[in-house]
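Enquirer: Let's see this in three dimensions:
(one chain, ligands or ions: 1)
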Amino acid sequence: MITRERREEQAFNTPGRELHKTNRNSLVPVLILVLSTVVVLFSSCANGKMDKKNKAQLEAVDRICHDNILFDSHIDWPYRVTQHPEDISGRTLNGDFDFVRAQEGGLNAALTVAYVQSGFDVDKGRGVVDSTLNMVKYYAGKYPDRFAPASSPGDIRENFDNNLLSLPVGLENGSPIGDDLGYLEYLKDNGIVYITLCHNRVNNLSDSNFDEERRWNGLSPFGIEVIREMNRLGLMIDISHSTDSTVYQALRYSVAPVVATHSSCRVFTPGMERNLPDTLIKAIAAKKGVVMVNFGSYFLEQECMGNWLYLINQWSDSTGIEAFSPGWIDFMIEYGKTHRLRSNAAKVADHIDHIVNLAGIDFVGIGSDFDGIDHAQPVDLPDVSGYPALVSELLKRGYSEDDLRKIMSENFLRVWTDVLSVSHDLMQKQ
Ligand SMILES: [Zn+2]
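Expert: Residues are numbered from 1 along each chain as shown. So this is what the prediction gives:
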């Protein structure tokens with residue numbers, strides 16, 4: 001059987017999840033291999049083989065990850081846990097996120113995504129929102145010494161000071177709004193912090209960059225009203241998944257900065273509209289927004305993208321073996337031995353460098369898309385325990401601790417603060 005999302009992928013000739021959230025049990029051996037490599041790499045210090053410089057670097061990375069807030073603006077753990085229940089308060093066998101690995105990676109705030117599939121109707125979408133909010137309530141209630149909700153930058157800082165992992169919630173896909181602006185107030189009141197305007201299909205707010213149908217040539221008239229109401233309420237506008245025209249229009253109509261919570265740079269993947277072109281990166285920065293880099297290997301490298309496209313489209317179609325089915329995964333693992341499917345932290349750093357060179361240090365952050373990029377995580381950044389590999393790479397490239405602090409959280413927190421400040425001003429004028 002072909003799932004709805006699989007059909008979307010076929011229709012739009014795009015590579016798999018992001019798009020395709022699926023069971024990753026069969027990836028476990030690969031992950032173990034990768035993790036073992038990382039462990040060997042780091043434990044060589046204990047063996048006395050690491051020279052002094054490398055030891056000092058490891059200590060610096062460890063200290064920077066420990067002393068500063070690390071905020072990841074897009075983690076799809078609720079969807080994964082819904083599909084394959086596991087308790088994230090301990091170490092889980094599957095997926096990219098749990099409390100133990102978050103601790104290992106220095107993660108302090110995991111933006112928890114309420115992901116609404118494009119085919120869901122309004123009621124079903126609202127059900128996803130409520131169940132996601134309930135999951136956060138459940139974990140924060142049952143493990144008050146580990147997790148805490150967060151609906152403002154102040155909450156993130158307070159939770160960090162109290163050694164708690166923040167779980168702010170974002171809505172990926174504005175479709176549950178339906179045609180009811182009032183629902184935005186419900187979202188705000190219940191702690192939603194951002195809304196991704198659309199997912200992989202056009203909805204009644206905006207066009208989507210994975211959908212050939214360009215119904216609105218950007219935002220719909222209702223989408224413009226939604227933007228204005230989000231400004232008023234202090235909800236961040238997320239333009240990941242939007243078409244270029246939609247992004248330009250969101251920038252024009254929003255009086256607050258906008259964010260791309262999980263998008264990378266199109267210059268490295270020409271033709272892939274899901275990543276942002278230089279002009280839009282500059283435009284988002286000019287409006288004081290932020291681009292949060294996605295870790296999916298097909299977002300990072302054209303070669304990975306080509307190989308994933310082959311697996312998902314040509315190979316799957318020619319064999320009749322459904323993409324992400326067990327047989328397909330077996331072949332994918334074999335194919336991956338001779339073809340590049342997984343990128344690395346250095347390539348993530350290349351995207352960060354590119355944004356910094358284009359726009360400056362104040363407009364970039366981390367939006368891994370963990371638990372939404374199955375099988376395509378960077379080899380040395382396989383899950384939330386891996387952020388130190390990226391911090392290490394950036395340190396090597398000469399980023400200062402101040403720079404790293406901005407990338408790790410402060411840029412996103414600044415935008416969030418600005419969005420709340422704009423909301424406050426608009427409310428005062430009413
Ligand atoms: Zn997404």
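
Enquirer: Now do the strands in the stretch 201-350 of the chain.
Expert: In the stretch 201-350 of the chain, the segments counted as strands under DSSP state E, counting those that start in this stretch are 236-238, 259-260, 290-293.

Enquirer: Tell me the span between the first and last residue of stretch 282-300.
Expert: The first and final residues of stretch 282-300 sit 19 Å from each other (C-alpha to C-alpha, to the nearest Å).

Enquirer: How far away from the center of its chain is that stretch?
Expert: Here stretch 282-300 is found 11 Å from its chain centre; the criterion is C-alpha atoms, centre = their mean, to the nearest Å.

Enquirer: who touches the closest residue to residue 152 other than its chain neighbours in this structure?
Expert: Spatial nearest neighbour of residue 152, excluding adjacent residues (C-beta to C-beta, 6 or more residues apart in numbering): residue 420 at 6.6 Å. All C-beta spots, glycine's among them, are computed from the backbone N, C-alpha and C. Residue 420 makes contact with 152, 153, 234, according to C-beta atoms under 8 Å, 6 or more residues apart in numbering.

Enquirer: on that earlier part again, closest one to residue 125 among the strands of the stretch 201-350 of the chain?
Expert: Closest to residue 125 of those is strand 236-238 (C-beta to C-beta; 15.8 Å).

Enquirer: ok, and what's touching that closest one?
Expert: For strand 236-238, the external contacting residues (C-beta under 8 Å, 6+ apart) are 170, 172, 193-197, 227, 230-231, 250, 254, 256, 258-261, 415-416, 419.

Enquirer: now that strand, how far from the chain's geometric center?
Expert: Relative to the chain's own centre, strand 236-238 is displaced by 13 Å; criterion: C-alpha atoms, centre = their mean.

Enquirer: got it, and stretch 170-182?
Expert: 19 Å.

Enquirer: Quick check: buried residues in that stretch?
Expert: Neighbour counts over stretch 170-182 (16 or more other C-beta atoms under 10 Å) mark 170, 171, 172, 173, 174, 175, 176, 177, 178, 181 as buried.

Enquirer: just for the protein, where's the confidence low?
Expert: Flagging of the chain using pLDDT under 70 yields the residue ranges 1-50.

Enquirer: Mind naming the longest strand for it?
Expert: strand 109-115 (DSSP state E).

Enquirer: three-state assignment of the residue nearest to residue 152?
Expert: helix (DSSP: H, G, I helix; E, B strand; the rest coil).

Enquirer: ok, so what distance separates it from residue 154?
Expert: According to C-beta to C-beta, to the nearest Å, residue 420 and residue 154 sit 9 Å apart.

Enquirer: Okay then, goodbye and thanks.
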